[in-house]
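In: Starting from these lines, generate the structure:
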Amino acid sequence: MTDVQTTAGELRDEEPANPGSSRRLVLLGAGAVGATTILAACATSPSTTNSTGSDFTNNPAPAGSGAADAGGTGTGGAPAGGAAKTLAAKSDVPSGGGIIAGDYVITQPTAGTFKAFSKVCTHAGCDVNKIDSGVISCPCHGSQYSIETGEPTKGPATRPLPETKVKVDGNNIVTA
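Out: Residues are numbered from 1 along each chain as shown. Down below sits the predicted model:
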C-alpha cells in the first residue's frame with residue numbers, strides 16, 4: 001500500500017483501504033440472483049407439469065379423473081372422434097379378477113361383465129399395482145378398491161377410482 005503525502009492544494013494518490021470489497025459485493029449480488037432464479041424454477045405453479053404431462057393445480061380434481069390416455073376426450077371415455085380404444089383382449093382378464101393395462105385397471109367381477117377404472121389411486125396419485133381376491137391394491141399407503149365398483153374398501157383413500165365405460169367388441173374390451 002502506498003500513501004503519498006501531500007501539502008495543501010496537491011493531489012493525493014491513495015489506494016482504497018480494502019480493494020476487494022466492491023468485487024465481493026458484485027459476486028454476492030450475482031450469487032443471490034442465481035439462488036433466487038433456482039428457487040423460483042423449483043416452485044410448483046399451475047403452469048408446470050408432472051411426469052405424466054398433466055398440469056399441477058392448487059385445487060386438483062380427484063386423481064385419475066382426467067383422460068386416462070393422452071389422446072382422450074378428458075372424460076376418461078372413448079378417444080376424441082368417437083373411435084373406441086381397445087384396452088385388452090377378453091381372454092387376458094380373469095373372471096373374478098383383473099389386469100392393469102396401460103392407464104387402466106380392467107376387471108371382470110363376474111363372468112362376462114367387464115369394468116375399467118383409472119389405475120391412479122385417488123389418495124396420493126400412486127399407480128395401483130395388484131389385483132387379488134376381488135381387490136385392487138395400491139402399494140403406496142395400502143388403499144384397496146372393489147373390482148366391481150372401484151369404491152375404496154380400505155383407506156386411506158376415500159374416493160372411488162374413476163370408471164371408464166367399456167363394452168365387448170368381438171374378442172376385445174374397448175372404450176364405450
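In: Now the element after the helix or strand encompassing residue 168, going C-ward?
Out: Secondary-structure assignment from DSSP states H and E places residue 168 in strand 166-169. Elements were assigned by DSSP H and E; along the chain past strand 166-169, the next helix or strand is strand 172-175.
In: For residue 86, give me its contacts.
Out: 169, 172-174 (CB atoms under 8 Å, 6 or more residues apart in numbering). Any C-beta I mention is one placed from the backbone N, CA and C, and that applies to glycine too.
In: Neighbour-wise, give me the winner out of those residues.
Out: Of the contacts of residue 86, residue 173 is surrounded by the most neighbours, 27 neighbours in total, counting by other CB atoms under 10 Å.
In: Please look at that residue and residue 93 and confirm they touch.
Out: Yes - using CB atoms under 8 Å, residue 173 makes contact with residue 93 at a distance of 6.8 Å.
In: Overlap in contacts, those two.
Out: Shared contacts of residue 173 and residue 93 (CB under 8 Å, 6+ apart): 106, 114.
In: just the helices in the protein please.
Out: Secondary structure of the chain by DSSP state H: the helices cover 21-42.
In: What is the least confident helix or strand in it?
Out: Scoring the helices and strands of the chain by mean pLDDT, DSSP states H and E places helix 21-42 at the bottom, with a mean of 62.
In: number of nearby residues for residue 139?
Out: Residue 139 has 12 neighbours, counted by other CB under 10 Å.
In: looking at it, it is touching residue 119, isn't it?
Out: No - using CB under 8 Å, residue 139 is not in contact with residue 119, being 11.8 Å away.
In: Spell out which residues are contacts of both of these two.
Out: Overlap of the contact sets of residue 139 and residue 119 (by CB under 8 Å, 6+ apart) consists of residue 128.
In: Flag every buried residue along stretch 153-163.
Out: For stretch 153-163, the neighbour count (16 or more other CB atoms under 10 Å) marks 157, 159-163 as buried.
In: okay, it in PDB with CA atoms only?
Out: The C-alpha trace of stretch 153-163 is given here as PDB (Å, rounded to 0.1, in the frame of the first residue of the first chain):
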ATOM      1  CA  THR A 153     -62.700 -51.000   0.600                       C
ATOM      2  CA  LYS A 154     -59.700 -49.900   2.800                       C
ATOM      3  CA  GLY A 155     -58.300 -46.500   3.300                       C
ATOM      4  CA  PRO A 156     -56.700 -44.100   3.400                       C
ATOM      5  CA  ALA A 157     -58.400 -43.400   0.000                       C
ATOM      6  CA  THR A 158     -62.000 -42.100   0.400                       C
ATOM      7  CA  ARG A 159     -63.000 -41.600  -3.300                       C
ATOM      8  CA  PRO A 160     -63.500 -44.400  -5.900                       C
ATOM      9  CA  LEU A 161     -61.300 -45.000  -8.800                       C
ATOM     10  CA  PRO A 162     -62.800 -43.100 -11.800                       C
ATOM     11  CA  GLU A 163     -64.600 -45.500 -14.100                       C
END
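In: Right, I'll leave it there.
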